[in-house]
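# Take this sequence and fold it.
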Amino acid sequence: MKRGVLLTLAVALAAAAPPPPGALVCSGCHAATADPGFPPIAGRAAAELEAELLAYRAGTRPATVMDRLTRGFSPGELTSIAAYWAAQK
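As a prediction, the model looks like this:
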């Protein structure tokens with residue numbers, strides 16, 4: 001099955017499921033009413049969120065804290081977190 005199809009399925013499942021481990025910590029900085037320096041992430045495309053999280057984890061995207069936070073999760077866990085936030089409105 002293609003990766004895009006799997007990610008779309010993950011987003012659909014995430015809408016009905018409880019948040020995966022680690023997902024709720026994101027809302028501390030990325031809530032809809034958060035500081036403009038921390039953009040809201042709810043409803044953003046899962047593939048975009050996943051790519052950003054993986055880039056932070058790999059150290060290829062500049063960060064102050066996100067690089068350290070994402071290293072605590074496996075790539076699969078980051079995919080689940082991205083799908084969860086993409087499913088939120």
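# buried set for stretch 51-61?
Going by neighbour count (16 or more other CB atoms under 10 Å), the buried part of stretch 51-61 is 52-57. C-beta: built from backbone N, CA, C; applies to glycine.
# The chain: helices as residue ranges?
Per DSSP state H, the chain carries helices over the ranges 3-16, 27-30, 46-58, 66-70, 75-87.
# tell me the most buried of the ones you listed?
Stretch with highest mean neighbour count among these: helix 75-87 (a mean of 21; mean count of other CB atoms under 10 Å).
# tell me the angle that helix makes with helix 46-58.
Calculated by axes from the mean of the first three to the mean of the last three CA atoms, to 10 degrees, helix 75-87 forms an angle of 140 degrees with helix 46-58.
# Output helix 75-87 as CSV, nothing but the C-alphas.
What follows is helix 75-87 as a C-alpha-only set of coordinates in CSV (Å, rounded to 0.1, in the frame of the first residue of the first chain):
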residue,chain,number,x,y,z
PRO,A,75,9.6,7.5,13.5
GLY,A,76,6.4,5.4,13.8
GLU,A,77,5.4,7.3,16.9
LEU,A,78,5.9,10.6,15.2
THR,A,79,3.7,9.4,12.3
SER,A,80,1.0,8.6,14.9
ILE,A,81,1.4,12.0,16.5
ALA,A,82,1.2,13.8,13.1
ALA,A,83,-1.9,11.8,12.2
TYR,A,84,-3.6,12.7,15.5
TRP,A,85,-3.0,16.4,15.1
ALA,A,86,-4.0,16.4,11.5
ALA,A,87,-7.4,14.9,12.5
